[in-house]
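Undergrad: Structure here, sequence nowhere to be found:
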């Protein structure tokens, strides 16, 4: 049987990735000590790999496809196929940022002021390229973790990843500049991508993932409406294309349903009710494939 080898990120992205895959239709089981998860698709063999290493193994062909951050592709300078941009992170559906941060009391106001200073980071290559781009010569050291607590005693500044900035603020740090904005990426090995069967399998996998991600911000809203109120209701109801309208067995009543943004539901339900909508139901979605 033909198979693809899929790399799944172990660590901060693992929980959100597994949740997204479940909505996409893939049930994955992984023990706390196992690096070989079981996927309920006989055409997929999965491996749990740290996101920091993923792009190297995909580039080398040890994995056909993998999920990692754009930042680690840049850090490893990996030559891979970027199949799909998946905008989600550990805590939400927004990009993450690598930022230059210093203590609140530091006099440093720009990257130029790092000349001759010490900088700690987990992304050494990314940091060195950033400093070189700005013509700055600073000492860059690899940080094994807890990077935020190393200033000001051990280093003058850090370059660290942040999603909300809360950890930086908690450690009395302020952001000076954004070094790189990063999103989660589905990447493929170049040789694997040239294989027709593997490319179709990877593309189908990407479509389902993208559909699950699209559904994160959408819901299905349904209601019953008298015929005489239909125009007023449809004028209030947003939709992806147009609302779906079906006749009920009861004379003069119609059923309307539409896919809408979660954020607008609380705004449109009261006016819909006032315009004559009855039995309004909100339903969560697993996938939306335009």
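TA: Here it is on my side, so go on. Predicted model only: the values in this text are computed from it and were never measured.

Undergrad: all strands of the stretch 151-290 of the chain, in order?
TA: If DSSP state E, counting those that start in this stretch is used as the criterion, the strands of the stretch 151-290 of the chain fall at 157-162, 173-182, 184-188, 218-226, 244-247, 253-261, 278-284.

Undergrad: partners of the third one in the sheet?
TA: Using DSSP bridges, the strands paired with strand 184-188 in its sheet are strand 65-69 (antiparallel), strand 81-86 (antiparallel).

Undergrad: of all those, which lies closest to residue 285?
TA: The closest of these to residue 285 is strand 81-86. By Cβ to Cβ, the value is 17.0 Å. C-beta here means a position set from N, CA and C on the backbone, and glycine is covered the same way.

Undergrad: circling back to that earlier point, point out the most buried one among the strands paired with strand 184-188.
TA: strand 65-69 (a mean of 27; mean count of other Cβ atoms under 10 Å).

Undergrad: Identify the bridge partners of the closest residue to residue 10 other than its chain neighbours.
TA: Nearest residue to residue 10 in three dimensions, chain neighbours excluded: residue 48, at 4.2 Å (Cβ to Cβ, 6 or more residues apart in numbering). Under DSSP bridges, the beta-bridge partners of residue 48 are residue 8.

Undergrad: what's near enough to touch residue 48?
TA: Taking Cβ atoms under 8 Å, 6 or more residues apart in numbering as the criterion, residue 48 is in contact with 7, 8, 9, 10, 14, 30, 34, 35, 36, 37.

Undergrad: can you put the strands of the stretch 151-290 of the chain in a markdown table and add distance to residue 272?
TA: Output for the strands of the stretch 151-290 of the chain, formatted as a markdown table (distance: least, Cβ to Cβ, whole Å):
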| stretch | distance to residue 272 |
| --- | --- |
| strand 157-162 | 39 |
| strand 173-182 | 38 |
| strand 184-188 | 35 |
| strand 218-226 | 7 |
| strand 244-247 | 14 |
| strand 253-261 | 9 |
| strand 278-284 | 6 |
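
Undergrad: Would you state the helices of the chain in chain order?
TA: Along the chain, counting by DSSP state H, helices occupy 14-24, 51-60, 70-76, 124-133, 166-170, 190-194, 196-215, 230-236, 262-274.

Undergrad: tell me the mean pLDDT over the last one?
TA: In this case it means helix 262-274. Across helix 262-274, the average pLDDT comes to 93.

Undergrad: Check which residues of that helix are buried.
TA: 268, 269, 272 (16 or more other Cβ atoms under 10 Å).

Undergrad: where in this structure is pLDDT low?
TA: Filtered on pLDDT under 70, the chain yields the residue ranges 32-33, 89-93.

Undergrad: residues contacting the spatially most central residue of it?
TA: Most central in the chain under Cα atoms, centre = their mean is residue 88, positioned 1.5 Å from the mean C-alpha point. Residues near residue 88 by Cβ under 8 Å, 6+ apart: 16, 20, 184, 213, 216.

Undergrad: Could you rerun that using 10 Å?
TA: By Cβ atoms under 10 Å, 6 or more residues apart in numbering, residue 88 lies in contact with 13, 16-17, 19-20, 94-96, 183-184, 209, 212-213, 216.

Undergrad: Equivalent analysis for residue 258, please.
TA: So residue 258 contacts 219-223, 234, 237-245, 268 (Cβ under 10 Å, 6+ apart).

Undergrad: For residue 216, see how far away it is.
TA: 18 Å (Cβ to Cβ, to the nearest Å).

Undergrad: Residue 119 now?
TA: Distance, residue 119 to residue 216, by Cβ to Cβ: 36 Å.

Undergrad: just residue 82 next, same as before
TA: In terms of Cβ to Cβ, residue 82 sits 21 Å off from residue 216.

Undergrad: Reformat the buried residues of helix 262-274 into a markdown table and put distance to residue 200 next to each item.
TA: Compiled in a markdown table, those are given as follows (distance: Cβ to Cβ, whole Å):
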| residue | distance to residue 200 |
| --- | --- |
| 268 | 40 |
| 269 | 42 |
| 272 | 43 |
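
Undergrad: so residue 36 makes contact with residue 45?
TA: Yes - Residue 36 lies in contact with residue 45 (Cβ atoms under 10 Å); the separation is 7.9 Å.

Undergrad: For the two, indicate the residue with more neighbours.
TA: Between residue 36 and residue 45, counted using other Cβ atoms under 10 Å, residue 45 has the larger neighbour count: 16 against 10.
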